[in-house]
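S.K.: Sequence and predicted structure are below.
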Amino acid sequence: MTGQFPDLSTLCIRLNLTNSMQLLLGNYTDNLHIDKFVIGWGIMKTLYATIGSGNCYKAHLVMGQLGIAYNCEWIDVLKGETRSPDYLKINPAGTVPFLKLEDGRGIGESNAMLWFLAAGTHLFPQTLYDEAKALEWMVIEQTRLEPKISPARFFTTIVPEKRDEMAEAIAKWQDEGHAGLSRLDAHLANRDFIVGEAYSIADIALYGYVHVADEGGFDMDRYRHVQAWLRRVASTPGYRPMTEFLMAA
Ligand SMILES: N[C@@H](CCC(=O)N[C@@H](CS)C(=O)NCC(=O)O)C(=O)O
């Protein structure tokens, strides 16, 4: 019955169910013989996330593709909610995404979440070498791509009123981001996915921001291998676009 599970998780996110409502839903799903271990007592992971964030989208995408049900708590970065005393008690680093596990322990850093959530599944790299290559590309993502694409996109699309003021910095982020995108394009010239033969968390990590780089003013027509890979990722089983994540807010 796991095939029904992603639909259920979408339902839980959309309705933003309280714990007691999840408990009821858990009892209901027991009758349907849907996964009792996760849903049975209504206890779920909680993802603290902000709208429009590629880092938060990575966690949404991997949980959707693995059929993991979770609550989503929306934190408004633009209103400074990541720095509120209440949120700092949850994640002292004051950033999103943040994943709270069923037992109350937490995980920060989007790529660490991917690693934890996918371990032992078909989305985890299948050999030690591929694990190392996945880590290599996840570090490249966090150092050469995300820190360039994310701020360029933020000041171009999310707060466009700041675009002129930030024009010089945006141009610099774009230059540096293009170096990372060129490297990714060369890597994808002769392969379908980032590591090994199959789609994995390395693809999800890279996809989070690369697929919205055009919103940061990056000319993506320069990268035909990246474009083909973006289409391949978007056709993997259980894929959900970022816009669907936003609609759940
Ligand atoms: N490297 C972290 C980046 C986390 C991060 O900087 N998140 C941004 C949103 S994408 C944030 O929380 N900004 C608000 C703040 O720093 O107060 C990850 O991959 O999760």
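M.R.: That came through fine.
S.K.: can you tell me which helix or strand the residue nearest the centre of the chain belongs to?
M.R.: Of all residues in the chain, the one closest to the mean position by CA atoms, centre = their mean is residue 58, 1.0 Å from it. Assigned by DSSP states H and E, residue 58 belongs to helix 54-66.
S.K.: Without its sequence neighbours, what residue ends up closest to the residue nearest to the centre of the chain?
M.R.: Nearest residue to residue 58, sequence neighbours excluded (CB to CB, 6 or more residues apart in numbering): residue 208, at 4.2 Å. Backbone N, C-alpha and C define where each C-beta goes, glycine included.
S.K.: what's the burial count for the one you found?
M.R.: 27 (other CB atoms under 10 Å).
S.K.: By mean pLDDT, point me to the weakest helix or strand of this structure.
M.R.: Within the chain, confidence by mean pLDDT, DSSP states H and E is lowest for helix 36-39 among all helices and strands, at a mean of 35.
S.K.: Show me which residues of this structure are close to the ligand?
M.R.: Proximity of the chain to the ligand, by CB under 6 Å from any ligand atom, involves residues 50, 53, 55, 77, 82-83, 94-97, 109-111, 142.
S.K.: how about the residue nearest to residue 58, what does it touch?
M.R.: 54-55, 57-58, 61, 110, 141, 146 (CB atoms under 8 Å, 6 or more residues apart in numbering).
S.K.: farthest pair in those residues?
M.R.: Within the contacts of residue 208, 61 and 146 form the most distant pair, 15.1 Å apart (CB to CB).
S.K.: out of these two, which sits in the more crowded spot?
M.R.: Taking neighbours as other CB under 10 Å, residue 61 and residue 146 compare with residue 61 leading, 27 against 22.
S.K.: can you pull the contacts of that one?
M.R.: Applying CB under 8 Å, 6+ apart, the residues near residue 61 are 204, 207-208, 239-240, 245.
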